[in-house]
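K.L.:
whatever this is, show me its structure:
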Amino acid sequence: MPLLSRWFIRTGLLYLVVALTTSLVQALAPSRTTIAWPTYLHLLVVGWLTQLIFGVAYWMFPRYQSGAAFWFERLGWICYGCLNVGLLLRVVAESGPESSWRAESFIVSALLQLIAGWAFVVTTWPRVRGR
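P.N.:
Coordinates of the predicted model:
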């Protein structure tokens, strides 16, 4: 299994534990929690499910045969970094107090996650081929 796949899958499992713990905290003390429902869903869907899908897809699709494999692997790491930084930025912005930087943080978070999505598509597209 490639190192990038292991990092995607392990990070995804970590987000699963964080999301389920957040859900438990919200259920036990709903008035004292500061993490909102959309943040919980992002932790679960983007943090766990998307990273699991990205990791398994990177692992299962055929390997590159050309000399461009190095650049595609670098792009995969950029995807990993942008996805996680964007998700963590969203969690911090949403759970923090109202401030002037909050709206900008959501925009930067969304852009980082969009870049991660496109990086995954660019990395995976050439690997999808017929027999």
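
K.L.:
correct me if wrong: Val18 contacts Val46.
P.N.:
No - Val18 is not in contact with Val46 according to CB atoms under 8 Å; the separation is 11.9 Å. (C-beta placed from N, C-alpha, C; glycine too.)

K.L.:
relative to Leu52, how far out is Gly96?
P.N.:
Using CB to CB, to the nearest Å, we find Gly96 at a distance of 28 Å from Leu52.

K.L.:
those two: who's more crowded?
P.N.:
In terms of neighbours (other CB atoms under 10 Å), Leu52 is the more surrounded of Gly96 and Leu52; the figures are 17 against 12.

K.L.:
name the nearest residue to that one, sequence neighbours excluded.
P.N.:
Closest residue to Leu52 apart from its sequence neighbours, by CB to CB, 6 or more residues apart in numbering: Gly12 at 4.3 Å.

K.L.:
now that neighbour: which helix or strand?
P.N.:
Gly12 is part of helix 3-28, with elements assigned from DSSP states H and E.

K.L.:
give me the distance from that helix to the chain's centre.
P.N.:
Offset of helix 3-28 from its chain centre (CA atoms, centre = their mean, to the nearest Å): 11 Å.

K.L.:
can you list the buried residues in whichever helix or strand comes after that helix?
P.N.:
Taking DSSP H and E as the definition, the helix or strand that follows helix 3-28 towards the C-terminus is helix 37-42. Of the residues in helix 37-42, those with enough neighbours to count as buried (16 or more other CB atoms under 10 Å) are Thr39, Tyr40, His42.
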